[in-house]
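Undergrad: 3D, please:
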Amino acid sequence: MVEDEMRVADFVRRGLKAEGWVVEHAGDGETGLEILQDREFDVVILDLMLPGITGQKVCQKMRARGIVTPVLMLTALDSTDERVAGLRLGADDYLPKPFDFEELIARVHALHRRAIGYACNDDDGKLRYQGIIYDSSAMVLTVDEVVVELSAKERDLIAILMASRNKALSRERILNSVWGTHEDPMTNVVDVYIGRLRKKLGPYGKLITTVRGAGYRFG
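TA: This next block holds a predicted model:
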């Protein structure tokens, strides 16, 4: 991540760390280029307005040096011209500030999947694992072909768990995604709903495991 605003950098770094990513931070373009020249990364999050050389110039130099790592550009300048200019210089995606952290996470994962040649075969909007199918468009969960009634929060919870299969999700991430950041993180609402969901999944409830000190994992 190449970002000179320390508050933004710290927020993104902590959030990505909670998602299981390891983040290397550079506060200016020249430092970022030096790090990129010496090491390989999965994704580059690149701010546009940097001290010294701009994010566009960093991206241009990356591509000129043969660095093909996917680039997600961040900027407070949300104009079509700015987006087009960044994409033409070699950026792969663009996210204007202020941004929703969930969208940032989704874009980072999408860039990483694209880079490793990942192709999702669930193009019908359904999440599948063993005997569980969650149809996100119809908002219907079936377990061994039997429809299971869920509340709105339980639907949101199974969706985020299945979409993040085999990844540990922190309670904070689940709270933010399902209940919103305004909810009180000191309650045990996440644990209560996890318990309900486990019961409704029947024999598949054991797929939701507790990760000590982290949160929960599905898979």
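Undergrad: what helices or strands is the top helix by length along the chain leaning on?
TA: In the chain, with assignment by DSSP state H, the single longest helix is helix 101-115. Judged by 3 or more Cβ pairs under 8 Å, 6 or more residues apart in numbering; DSSP states H and E, the packing partners of helix 101-115 are helix 6-18, strand 71-75, strand 93-96. For every residue, glycine as well, the C-beta is placed using N, CA and C.
Undergrad: Off-centre distance for the shortest one?
TA: I take that to be strand 93-96. The chain centroid and the centroid of strand 93-96 are separated by 14 Å under Cα atoms, centre = their mean, to the nearest Å.
Undergrad: For it, the averaged confidence score.
TA: Averaged across strand 93-96, pLDDT comes to 88.
Undergrad: With the first one instead?
TA: Taken as a whole, helix 6-18 has an average pLDDT of 87.
Undergrad: which residues are in contact with the helix or strand following it?
TA: Following helix 6-18 in sequence order, the next helix or strand is helix 29-38 (DSSP states H and E). Outside helix 29-38, the residues within contact range by Cβ atoms under 8 Å, 6 or more residues apart in numbering are 2, 24, 26, 44, 46, 50-55, 57-58, 61-62, 65, 67, 69.
Undergrad: For the helix or strand following the longest helix of the chain, name the packing helices and strands.
TA: Next helix or strand after helix 101-115 toward the C-terminus (DSSP H and E): strand 126-129. Counting contacts by 3+ Cβ pairs under 8 Å, 6+ apart, strand 126-129 is packed against strand 132-135, helix 152-163.
Undergrad: Would you mark the buried spots in strand 126-129?
TA: residue 127 (16 or more other Cβ atoms under 10 Å).
Undergrad: what are the pairing partners of that strand, and which direction each?
TA: The sheet places strand 126-129 alongside strand 132-135 (antiparallel), with pairing taken from DSSP bridges.
Undergrad: mind checking how far the strand it pairs with is from the chain centre?
TA: On Cα atoms, centre = their mean, the centre of strand 132-135 falls 21 Å from that of its chain.
Undergrad: Can you pull out the residues in contact with the very next helix or strand once past it?
TA: Once the chain leaves strand 132-135, the next helix or strand it forms, by DSSP H and E, is strand 140-143. When contacts are defined by Cβ under 8 Å, 6+ apart, strand 140-143 is touched by residues 131-135, 147-148, 150, 155, 158, 200-202, 204.
Undergrad: Against which helices or strands is the helix or strand just after strand 140-143 packed?
TA: The helix or strand immediately downstream of strand 140-143 is strand 146-148, counting by DSSP H and E. Counting by 3+ Cβ pairs under 8 Å, 6+ apart, the packing neighbours recorded for strand 146-148 are strand 140-143.
Undergrad: Starting from the strand it packs on, tell me which strands it pairs with and how they run.
TA: According to DSSP bridges, strand 140-143 forms sheet pairs with strand 132-135 (antiparallel), strand 146-148 (antiparallel).
Undergrad: so which of the ones you listed is the most packed in?
TA: Ranked by mean neighbour count, these are led by strand 132-135 with a mean of 18 (mean count of other Cβ atoms under 10 Å).
Undergrad: any residues touching it, and which ones?
TA: For strand 132-135, contacts defined as Cβ under 8 Å, 6+ apart pick out 125-128, 140-143, 155, 158-159, 162, 201, 204, 207.
Undergrad: Please indicate which of the residues you listed are buried?
TA: Among the contacts of strand 132-135, the ones that count as buried by 16+ other Cβ under 10 Å are 127, 141, 143, 155, 158-159, 162, 201, 204, 207.
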